[in-house]
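Visitor: pasted the sequence and its predicted model underneath.
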Amino acid sequence: MIIKNMSVGDWGNTKALFTIEVDGVWISGFKVMETNGKNWIAKPTRKTKDGEYIDTVGMSKEKKDKLEKIALEYFEKIIESKITYK
């Protein structure tokens with residue numbers, strides 16, 4: 001599992017958008033989210049006709065935990081590299 005790209009910004013609770021590669025397949029739409037000062041990842045979703053959001057990517061808890069660790073470390077490295085000291 002590899003982070004292919006990550007766009008960091010400030011879109012409300014969404015702090016970054018990223019794509020992963022697994023066995024040659026790229027999956028886009030993952031997000032780094034912030035709630036109550038804690039960062040976590042959200043899987044890609046789509047909105048149903050009823051207005052409900054459902055996941056479009058399924059994965060085991062172990063895989064999601066591994067992805068979260070990798071993605072949040074990558075996110076922190078990007079944030080740290082953008083800090084300027086005066």
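Guide: Alright, I've got the coordinates.

Visitor: touching, Y53 and K43? I think so.
Guide: No: in this structure, Y53 is not within contact of K43 by CB atoms under 8 Å, at 10.3 Å. All C-beta spots, glycine's among them, are computed from the backbone N, C-alpha and C.

Visitor: in terms of neighbours, single out the busier of the two.
Guide: Per other CB atoms under 10 Å, whichever of Y53 and K43 has more neighbours is K43, with 16 against 10.

Visitor: for the more buried one, what are its contacts?
Guide: Contacts for K43 were tallied using CB atoms under 8 Å, 6 or more residues apart in numbering; they are G29, F30, D55, T56, V57, M59, K64.

Visitor: and the third one, how many neighbours does it have?
Guide: Residue neighbour count, defined by other CB under 10 Å, stands at 11 for D55.

Visitor: my read: it touches P44, true?
Guide: Yes: with contact defined as CB under 8 Å, D55 counts as touching P44 (7.1 Å).

Visitor: quick one: the residue most central in space within the chain from G24, how far?
Guide: Taking CA atoms, centre = their mean, the centroid of the chain lies closest to K31, which sits 2.9 Å from it. Distance, K31 to G24, by CB to CB, to the nearest Å: 23 Å.

Visitor: what does E80 give?
Guide: On the measure of CB to CB, E80 and G24 end up 30 Å apart.

Visitor: and what of Y74?
Guide: 20 Å.

Visitor: do S81 as well
Guide: 28 Å.

Visitor: compare those two (neighbour count), which wins?
Guide: Comparing S81 with G24 by other CB under 10 Å, the one with more neighbours is S81, at 8 against 5.

Visitor: pretty sure the more buried one sits in a strand.
Guide: No: using DSSP: H, G, I helix; E, B strand; the rest coil, the assignment for S81 is helix, not a strand.
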